[in-house]
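**Q** Sequence first, then the predicted structure, then my questions.
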Amino acid sequence: MGHIKEKFKVKADELNVEIKDLVKNHGTRKIEDVTLAQVYQGMRGITGIVTETSLLDANEGIRFRGYSIPELRDNLPKVKGGAEPLPEGLFYLMLIGELPSEPDVQHLSSQFARRSHVPNHVFAAIDALPVSAHPMTMFTVGVMALQTESSFAKAYAEGINKKDYWSYMYDDSMDLIARLPRIAAYIYRRKYKNNVHIHPNGLLDWAGNFAHMLGYEDEGFKELMRLYMVIHADHEGGNVSAHTTHLVGSALSDAFLSFAAGMNGLAGPLHGLANQEVIKWIMNMREELDTKVPSKQQIEEYVRKTLSEGKVVPGYGHAVLRKTDPRFTAQMEFARTHLPDDELVNTVWNIYETVPPILENLGKVKNPWPNVDAHSGALLVHYGLVEYEFYTVLFGVSRALGVLASLCWDRALGFSLERPKSVTTQWMRQFVEGK
Ligand code: AMX
């Protein structure tokens, strides 16, 4: 057993004792009241899930085990000569709850390289889809095809003790994270690069190797991938992809089934697909105005037009956040260092100055500020990754780190089948009428 797996088990045993105590001695404590409106409006603000890996503050943004994104950029190990945090380190932090050492991160990098073999039938399943299929469809099909490799599903079918579920979930999660870059890169090269594929380089870190397999050798792009994989990894437990993975996993579905379900949620335009929508929207604006650098006034008019057509401004607003997303700010800082004069990036910054007051004046938008998706596309375009339908797959590879670390915790803590109560509107009517 690798030392990380052992360490995880020790941490989980400790937390199990604490949770047992909480439930035994405080199990009847009320956390909050639930209003009728909350039930109808996406359960917004209802505390109903425990997720150990990260916690979102409406104003400060996400913290992973207490560390903000700027703190992660300062404190997580980096490649030699690099400035961006390694996603392996974030995975360790989410899983173990402590910052990793350099050897911990190197151990994870080599574990991911060692576990990265993707069987041929996975590629065959992807090849069975037309090239015109959306990359996210190919991605979930690839993950589903990989489910044949689940060690949890095999062990469960043979009969295992509940106490050992976590161990198989850990191995499946490690295998899945190790293999996702290869599957994603295969989809990219099949759809956009004439089906010419690039062999993995087992000496590179997880994100660096992903960049390499996509076909991007620029060190700037590799650094971007490391940052990208860190900032998209987790956003506490209630967002659609995390919640879906957790929900499906609560039925003891294995990591592959659960993650594929979460990815189908990420593929929705109000969630992960927003990153492709942002760049599509900016490109349409450029085309319609026949300029590469629209002025702030032109942007303002285009935003008003978008709203008058009953559409949302993609990349703006959030269900929980109420300030500029620190994931947006981290990308802005990356751009200031690496590509300050890029025209598209400057347009993203001009949009940032233009959109919030317009959304604020609508009076109904709870958060007029940009989210993570408002910036990511412009950085990718700079390095030549212009195929924006692929962007959500990048988000998905990163999201695996958070939702699978969480799934390991779910099994290690023996969390229950999730099954909230639902009611009909007739029930609500009778409830308010006191019947
Ligand atoms: N442009 C226009 N209108 C917006 C808006 C935006 N960016 N954000 C919210 N609104 C509107 C809503 O559509 C809603 O209008 P309605 O009452 O007429 O239906 C009203 O403002 C109130 O919505 P809200 O409470 O502020 O937001 P929400 O919690 O219901 O939804 C979100 C959050 C993200 C779906 C929404 O802000 C949105 O659609 N944004 C654009 C899409 C986007 O960027 N999604 C990515 C989110 C991050 C991620 O998951 N990757």
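**A** Received the coordinates, thanks. Numbers count the residues shown, from 1 in each chain.
**Q** check which helix or strand covers the residue nearest to residue 317 when sequence neighbours are not counted.
**A** Spatially, and ignoring its direct neighbours in sequence, residue 317 is nearest to residue 367 (5.2 Å; C-beta to C-beta, 6 or more residues apart in numbering). All C-beta atoms are positioned from the backbone trio N, CA, C, and that covers glycine. Here residue 367 sits in a region with no helix or strand, counting by DSSP states H and E.
**Q** got a list of what residue 367 touches?
**A** Counting by C-beta atoms under 8 Å, 6 or more residues apart in numbering, residue 367 makes contact with 316-318, 321-323.
**Q** If we check the ligand, which of those are in contact?
**A** With C-beta under 6 Å from any ligand atom as the criterion, the contacts of residue 367 include 316-318 near the ligand.
**Q** about what we covered before: quick check: the residue nearest to residue 317 vs residue 320, distance?
**A** Distance of residue 367 to residue 320, computed by C-beta to C-beta, to the nearest Å: 8 Å.
**Q** Residue 85 contacts residue 78, correct?
**A** Yes. Here residue 85 reaches residue 78: they are 6.3 Å apart, a contact under C-beta atoms under 8 Å.
**Q** backbone phi and psi for the residue nearest to residue 317, please?
**A** With angles defined as degrees, to the nearest 10, residue 367 sits at phi -140, psi 100.
**Q** Report pLDDT for it.
**A** Confidence at residue 367, expressed as pLDDT, is 97.
**Q** sorry, back to before: between the ones next to the ligand among the contacts of residue 367, which is nearest the ligand?
**A** residue 317 (2.2 Å; C-beta to the nearest ligand atom).
**Q** ok now do the closest one, which residues does it touch?
**A** Residue 317 neighbours (C-beta under 8 Å, 6+ apart): 359, 365-369, 371.
**Q** can you list the weak-confidence ranges in the stretch 1-150 of the chain?
**A** Within the stretch 1-150 of the chain, the segments meeting pLDDT under 70 span 1-2.
**Q** Give me the distance from the helix or strand hosting residue 167 to the chain's centre.
**A** Using DSSP H and E, residue 167 sits in helix 165-192. Centroid displacement of helix 165-192 relative to its chain, using C-alpha atoms, centre = their mean, to the nearest Å, is 14 Å.
**Q** now it: mean pLDDT?
**A** In the prediction, helix 165-192 has an average pLDDT of 98.
**Q** Next, the angle from the particular helix or strand that has residue 8 in it to helix 165-192.
**A** Assigned by DSSP H and E, residue 8 falls within helix 3-26. Orientation check (axes from the mean of the first three to the mean of the last three C-alpha atoms, to 10 degrees): helix 3-26 against helix 165-192 gives 120 degrees.
**Q** list the buried ones in the next helix or strand after helix 3-26?
**A** Using DSSP H and E, the helix or strand that follows helix 3-26 in sequence is helix 36-40. The neighbour-count check on helix 36-40 (16 or more other C-beta atoms under 10 Å) flags residue 39 as buried.
**Q** what does stretch 143-154 give?
**A** When neighbours are counted by 16+ other C-beta under 10 Å, the buried residues of stretch 143-154 are found to be 143-147, 149-153.
**Q** Residue 51: which of the residues you listed is nearest?
**A** residue 152 (20.2 Å; C-beta to C-beta).
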